[in-house]
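>>> Let me see the structure of the following:
(2 chains)
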2 protein chains.
Amino acid sequence: MTKWVYGFGDGQAEGTADLKNLLGGKGANLAEMSNLGLPVPPGFTITTEVCTAFYDAGEQYPDDLSVQVDDALTQVEMLAGARFGDASNPLLVSVRSGARASMPGMMDTVLNLGLNDETVAGLAALSGDERFAYDSYRRFIQMYGDVVLGVDHYLFEDLIEDHKHDADVTLDTDLTVDDWKTIVDQFKALVERELGKPFPTDPKEQLWGAISAVFMSWRNDRANTYRRLHNIPEAWGTAVNVQAMVFGNMGEDSATGVTFTRNPSTGENEIYGEYLINAQGEDVVAGIRTPQQLTIKARQAAEDELPSMEEAMPETYAALTGIMGTLETHYRDMQDIEFTVQSGKLWMLQTRSGKRTAAAALKIAVEMASEGVITREEALMRIEAEALDQLLHPTLDPDASRTVITSGLPASPGAASGVVMFDADSAERAAHDGHSVILVRIETSPEDIHGMHASKGILTSRGGMTSHAAVVARGMGRPCVSGAGTLNIDYAAKVLSVGGHQIREGGIITIDGSTGDVMLGPVETIDPVLSDDFQTLMAWADDVRRLKVRANAEIPDDARTARDFGAEGIGLCRTEHMFFESDRIPAVREMILAETETDRRRALAKILPMQRQDFVDLFSIMEGRPVTIRLLDPPLHEFLPRTDAEMEETAKQAGVSVATIRARAHDLHEFNPMLGHRGCRLGISYPEIYEMQARAIFEAMLAMQEDRNQAVVPEIMIPLVGSRRELDILKQHIDGVANELGIAPDRGAYIIGTMIELPRAALMAGDIAETAEFFSFGTNDLTQTTFGLSRDDSGAFLEDYIRGGIFARDPFVSIDKDGVGQLVELAAERGKSARADIKLGICGEHGGDPASIAFCESIGLDYVSCSPYRVPIARLSAAQAALQANEDAAS
Amino acid sequence: MTKWVYGFGDGQAEGTADLKNLLGGKGANLAEMSNLGLPVPPGFTITTEVCTAFYDAGEQYPDDLSVQVDDALTQVEMLAGARFGDASNPLLVSVRSGARASMPGMMDTVLNLGLNDETVAGLAALSGDERFAYDSYRRFIQMYGDVVLGVDHYLFEDLIEDHKHDADVTLDTDLTVDDWKTIVDQFKALVERELGKPFPTDPKEQLWGAISAVFMSWRNDRANTYRRLHNIPEAWGTAVNVQAMVFGNMGEDSATGVTFTRNPSTGENEIYGEYLINAQGEDVVAGIRTPQQLTIKARQAAEDELPSMEEAMPETYAALTGIMGTLETHYRDMQDIEFTVQSGKLWMLQTRSGKRTAAAALKIAVEMASEGVITREEALMRIEAEALDQLLHPTLDPDASRTVITSGLPASPGAASGVVMFDADSAERAAHDGHSVILVRIETSPEDIHGMHASKGILTSRGGMTSHAAVVARGMGRPCVSGAGTLNIDYAAKVLSVGGHQIREGGIITIDGSTGDVMLGPVETIDPVLSDDFQTLMAWADDVRRLKVRANAEIPDDARTARDFGAEGIGLCRTEHMFFESDRIPAVREMILAETETDRRRALAKILPMQRQDFVDLFSIMEGRPVTIRLLDPPLHEFLPRTDAEMEETAKQAGVSVATIRARAHDLHEFNPMLGHRGCRLGISYPEIYEMQARAIFEAMLAMQEDRNQAVVPEIMIPLVGSRRELDILKQHIDGVANELGIAPDRGAYIIGTMIELPRAALMAGDIAETAEFFSFGTNDLTQTTFGLSRDDSGAFLEDYIRGGIFARDPFVSIDKDGVGQLVELAAERGKSARADIKLGICGEHGGDPASIAFCESIGLDYVSCSPYRVPIARLSAAQAALQANEDAAS
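Numbering: from 1, shown residues only, chains lettered A, B, ... in the order given. Predicted coordinates:
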């Protein structure tokens, strides 16, 4: 018989933290906390296998589930000393989802389950607080009605608002027990009206309704979106946790709170949390009331008037901090903890590894490794490489002038400027149209996820540091200012007002998630300063990684940035970027307009000294590190003038008529330029172009030797090769130039290789490696050709493809291992078979993507090359891939 | 010791016909004729291995070659009863090339070698004809000077012309012995002046000079061009044949001629040849004198005045026809024979399989098989499938009015109209610009090959049925009218005049190579009538082939043509061709302009009945044969109006503004439409389009069943699939439509498959075959994506690529087995592994290319699909591929 249900409570449990796949994160940790002897309300977990079985069987439960649930419930009744449905001593339970991976706010939850007209009286008697009991009852009907029965939540809220209006009160807390009783009746009538049947009064019926709602929520739109964004397989399923209720809203000696064992924003080793007296947990997370600080220090820093928990409940606070220490030590990671205090007694409701900013992750990992809590390898594996991106980008220039219009909580660090949008759909559309967007909401909810993802920053007028907006923004690496209470947001008029300023949709603001400041218009930024922790972690990464990391750069500034970020060479210098410089584009156009080889050579001779200087500069910056130079790649028409004014200017410079330029543009026009007369095809048709470039490279190399005594071994890369013969012909030309300059070919003074960016090149790699001394996988073009998919044109349907599950991720962002990966792997194998010491690298955008870097490690490439700002990400990813490979090899 | 030299003559030889690779075609056949006891002048062959060794060693001969040549020469002296360089009894030799494959006129030849001031006197004495001796001597100096020493041949001709002018005579035959003596002196002086050293008088020196010239000519431009056009590897090399001279110019009882054992133009079993009395062989081949007929019948048909050989030399004629019978029986094929009559004695100089027109090849093969000379399988292998193309195309409509301006010899059958061009380069340029060209020359030479290849037809004013123009045109399948003597061609003025008509370069004429007529302007054509021989051969082909042959067709006329040519189904019905019809393009545009799915469905509903009727028509024509229907493939912008007038028209019809249309066109614009929003990507974004098409197919299928009691199993093909998920989604939509119409999916009422036209589709074929019931390889797009090469844009550099040896052939014409072929083979294997009974076909243009069809056979595809006119070619190619596969399996 399959065990579908695992009980916990009273210092023991049937499960452990190791059973996370089966029990979900929440269930496994509740079991683990029970085993640790911590005060956990008793309960049980229905496993993720039930979820899978439920869907596999067409939404039917396993036959023996019901019996196991009954048994577990009996156990909970015994531990809690109360009975489900008992009018005088009722057991109330919460029903919550809990998947293998944390999916905050994605799934539905029901609290206070077990209440009905009889048990509510029992609860009133037991608690001695009738108002609390009926408040709980109306909360239950409201939550259950919304989540389980599908009655729109605003219908319940409208009834409360109407009642408050009639009673002439403003706050919920002003409503009396009689008000709640009336509202309970109205709620039940509402449900019956909406559904045509009464609200269920049988606690067992309520329980199964809630369990089913949780399992069904696994496949709702919110959950699907979250899974897609975080690459969580649908097959994992969710578990359901049923747990005896404890109440933080049972008076002034009750409370509920959320805390982190370290600061999740900065990583500082300090208690970081919030609590609310006389409230239920959902009140903190939803950000409806702005909560109080836990510590005196934090209260002082925030200049808060309300007492901290350390002051208000010193003993319970001491118990809590003790448990926090126990949990962090036990789990060897910063914990995100939910707790409730019921009538002075502390209960632990959840612990899990806390989400954190990249800076915090870095600090925590380095400090824990330095403290000996974790190993350096574990520290490396703890940082999501992609998240480093947050640390590498500009922040606000402290000297830049700014108009701060308000401040909120510094909920997620970093700064962003953008156009104001007031709803998620508009934010997504504006971002799609190329705008930087700041999403401005009163508060956010899971329905806003796609808009938050599309935005550069998030600003809310309500909610604390652990509100939905704050948690999600930190997870996404978006700056966030939350709870900026002076903001007046009018969704209907699409305008926000604050301190006399009015900003309409489309207006520009800047937010600083590190200070909480909100500013009018754009504000200038400066480059980031990298912390010592960052340098420490990078050094550890460099110690363990096998893959070298190079950068794609040709402009001196970029090359310097790359070098400073630790690039070990240049993997892709795109010489065409040099052709567009304003001092040389006239000569480039003259070359294109030339009608004879002689005229072409004359124009090329003008470009030669400039191109030579480019290479001297690059070689100087890179100080002897390898530099791979790709010869001219784009089709010539890309260099021609486009507007009438440019054409006239060019005609004057080149001494030809505008008609001539138009005619040449017409001749050069291509239907599919991506598949046209470009790359080495230009070198075959116009050998003089590549000869000029080779000469510039060699002369720069000689100048470095003579003038600076710096040895340089240029790596000359031929693009768009499809057959060995192309490479042979072009190598002959390049060797010829070398010979003319007294450099012996094939003696290692320079090496010649090729991009592998066409399926045919991958297929013929064995042949091509007979000539090529290195391969650099141009996975951008290889993805375009393998998929038959133009990157520039794919926007029209990419979203359809991701929504339809055809692409798990955009294949231009993360390499398509199934298809494109086959070609890369095959080419690497064939290349190595033909030339054992062939150097293999990747220089497409994938070179900076962690998942793609792991793939490169797995097939044994020698290096990855990425954009300068992604070099640290690549260094860490390469280290993680190496560690993962070691682990896989060991297991 | 390697044997470099093989002797022959006097009824025996060291070689045989089987040693063709070693001795070349000519050498092997000279040996074979010697072994048959036929009168062959003695000689020897220097093998093709010497050619290879010569080039490999940097143009140096093997050490022991010289000794072997000396020995062989001694043997020839003994057999000929004359001595090389002997003043009183000199042996003269010819030195000719002879490669493994026939390369007519491509290589250089030297005759009368061994003459000098001493031996010419001996020749005069022996022949009793001093004028003949000095004529031979001047011919030798002229030929040797041109071919071996590199003195421009016109310099020699100028001297003769000057001398004729001085002597006031018109014809060479009017020149006396003294004239020739003077010219010989002038020739020798010319050579000494041009080269700075005297003409070589030592026969041995002459011999080695000529041998080297032949070997060097293997790599001259003409030979390189010919090899490229005919796919002959450079590594094969040429042999050199040195043979005792016999003289057809030793008076009126001497002659030289060329004959075919059957008519190479029609295939009729009749002697077909020409001869010239008192002439050397080169005179016939070069077409300088218009020759006489061999048979009385032919003389009468041609209304020739000069006597036929049958009349002039009846005994020698009888001997010749006897030998012709012997040779045809021995070689079991129609022979092309060169002979010389010296003073009444017949000598055989060459035999080889004769080049022939497609019609002749067909007739000869079918007749020989019917006669039992060859098997049916041999008959099938004898026809170059590609050549059938000549028979399948329109000929002149006999009822069309025409203005015949002159007539020449019907040298190569078929009719062609085109613009007149007077030189090969202009012809090539005009053809490249898209013109149909008729190349008009006084006579052609090997330098004209590229222009002949680029032209649709060839017209000459000089030369007979075996002239260079005639032989080459027949080989290329180009219509040719030769020897149209009344034409006056002025190269300088670029004008041809005849009977009062003047036609300048660019004017249009029509030639009929089957009648010899030359007509003014274009003339209308009619469809060809296929001979009984054709039908017989096709039936034999059908008996042996394994591959099925289908056609790519969607228009009823094309479908009928395909069916009548023997297509066994439709392999590709491109539904978008139907969308362009004028009655439906408005609705198609309305659909594209629709802003909502509802509007789109409304427009599609208008297209549905028309599309349904298309399929009813197609199913009716194909009478139950399988029909594969590809759903909409091109990007939507292809259907939008382009010109201002069309836009206005469309705006009016669709009830929108021109601005709306422009905006939509702008939205739909793509940078690389080939890689854009097309194929199944449209079906994913707009499922309603494919649903309409599926409905039209199913409704047509039901109508065929109900109205005509004709069962149809449509094959629905999804284009541009890159992953199984796409196919799954679209199959679900199509199955849904079937269900609505009461057709059960997955019961064989219809099948769903996919194009494999993207590298990723090929790589993921195993996965895709889980869903796809058939694969059709779309090798056009697969070639574009695998090479990263746009077919529309490749013209700019394709020529550079073929010249550079990067492409052996245009990969869009003949499949790239090395690269694209790997993907096709891999996909076929993976598809079959996943679904054993998967149907595999090809529907790219390669489906009609013989080499590609052989590849399809080799990897076990089930069918090829090609354009209707290529169906017979595909049927024959498939048969040949099957026979070749059997042979390969047996060996």
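>>> Tell me which helix or strand in chain A has the weakest average pLDDT.
Every helix and strand of chain A was ranked by mean pLDDT, DSSP states H and E. The lowest is helix A:281-286, at a mean of 65.
>>> Give me the pLDDT value at A:Gly475.
Note for A:Gly475: predicted pLDDT of 60.
>>> The one 4 residues further on now?
Looking at A:Pro479, its pLDDT is 89.
>>> give me the number of residues near it?
As a burial measure, A:Pro479 scores 28 neighbours (other CB atoms under 10 Å in any protein chain shown). Where you see a C-beta, it was placed from the backbone N, CA and C, and this is true even at glycine.
>>> I'd like the distance between the residue lying closest to it once chain neighbours are set aside and A:Gly507.
Among residues not flanking A:Pro479 along the chain, A:Gly513 sits closest, at 3.3 Å (CB to CB, 6 or more residues apart in numbering or on different chains). For A:Gly513, the distance to A:Gly507 (CB to CB, to the nearest Å) stands at 19 Å.
>>> got it, and A:Val529?
Taking CB to CB, one finds A:Val529 at 31 Å from A:Gly507.
>>> and what of A:Gln784?
38 Å.
>>> still on that earlier bit, the more surrounded of A:Gly513 and A:Gly507?
Just comparing A:Gly513 and A:Gly507: by other CB under 10 Å the higher neighbour count belongs to A:Gly513, 29 against 16.
>>> wait, doesn't that one sit right on A:Val481?
Yes - between A:Gly513 and A:Val481 a contact is recorded at 5.8 Å, counting by CB atoms under 8 Å.
>>> which neighbours do those two share?
A:Pro410, A:Ala411, A:Gly457 (CB atoms under 8 Å, 6 or more residues apart in numbering or on different chains).
>>> What are the buried residues along whichever strand or helix holds A:Arg662?
Assigned by DSSP states H and E, A:Arg662 falls within helix A:658-668. Within helix A:658-668, the residues that qualify as buried by neighbour count (16 or more other CB atoms under 10 Å in any protein chain shown) are A:Thr660, A:Ile661, A:Arg664, A:Ala665, A:Leu668.
>>> where along the stretch 551-700 of chain A do the helices fall?
A:556-564, A:575-579, A:585-593, A:597-622, A:644-654, A:658-668, A:680-685, A:687-708 (DSSP state H, counting those that start in this stretch).
>>> and the last one, does that touch chain B?
No - contact of helix A:687-708 with chain B is not found when judged by CB under 8 Å from any CB of the partner chain; the minimum separation is 10.1 Å.
>>> In a helix, A:Pro745, correct?
No - assigned with DSSP: H, G, I helix; E, B strand; the rest coil, A:Pro745 falls outside any helix and is coil.
>>> Next one: it from A:Glu726, what distance?
Taking CB to CB, one finds A:Pro745 at 18 Å from A:Glu726.
>>> Among the two, which residue is more densely surrounded?
A:Glu726 (24 against 16).
>>> Where does that one fall, secondary structure wise?
Element membership for A:Glu726, per DSSP H and E: helix A:724-740.
>>> do A:Ala828 as well
According to DSSP H and E, A:Ala828 maps onto helix A:820-834.
>>> before we move on, the earlier item: now the element after the helix holding A:Glu726, going C-ward?
Assignment by DSSP H and E places the next element after helix A:724-740 at strand A:751-756.
>>> tally of neighbours for A:Asp728?
A:Asp728 is flanked by 15 other residues according to other CB under 10 Å.
>>> I'd guessed it sits against A:Thr771; true?
Yes - with contacts counted by CB under 8 Å, A:Asp728 reaches A:Thr771, the gap being 5.6 Å.
>>> In the stretch 351-500 of chain A, which residue sits nearest chain B?
Going by CB to the nearest CB, chain B is nearest to A:Asp433 of the stretch 351-500 of chain A, at 12.6 Å.
>>> Okay, and the beta partners of the spatially closest residue to A:Ala416 that is not a sequence neighbour?
Leaving aside its sequence neighbours, A:Ala416 sits nearest to A:Gly457 (CB to CB, 6+ apart; 3.4 Å). Note on A:Gly457: beta-bridge partners by DSSP bridges are A:Ile438.
>>> ok, the residue nearest to A:Pro479 - contacts?
Applying CB under 8 Å, 6+ apart to A:Gly513 gives the contacts A:410-416, A:457, A:473, A:478-481.
>>> wait, isn't A:Ile364 in contact with A:Ala358?
No - if you go by CB under 8 Å, A:Ile364 and A:Ala358 don't touch, sitting 10.8 Å apart.
>>> Tabulate the contacts of A:Gly513 (a markdown table), appending secondary structure.
Shown next, in a markdown table, are the contacts of A:Gly513 (three-state DSSP):
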| residue | secondary structure |
| --- | --- |
| A:Pro410 | strand |
| A:Ala411 | strand |
| A:Ser412 | strand |
| A:Pro413 | coil |
| A:Gly414 | coil |
| A:Ala415 | strand |
| A:Ala416 | strand |
| A:Gly457 | strand |
| A:Ala473 | helix |
| A:Arg478 | coil |
| A:Pro479 | coil |
| A:Cys480 | strand |
| A:Val481 | strand |
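>>> Give me the neighbour count for A:Glu118.
Using other CB under 10 Å, A:Glu118 is surrounded by 14 other residues.
>>> any idea how far it lies from A:Leu496?
49 Å.
>>> where do the helices sit along the stretch 751-891 of chain A?
Taking DSSP H, counting those that start in this stretch, the helices of the stretch 751-891 of chain A run over residues A:759-763, A:765-768, A:779-787, A:795-803, A:820-834, A:850-858, A:871-890.
>>> looking at those, which is buried most?
Neighbour counts (mean count of other CB atoms under 10 Å in any protein chain shown) averaged over each of the helices of the stretch 751-891 of chain A peak at helix A:759-763, with a mean of 30.
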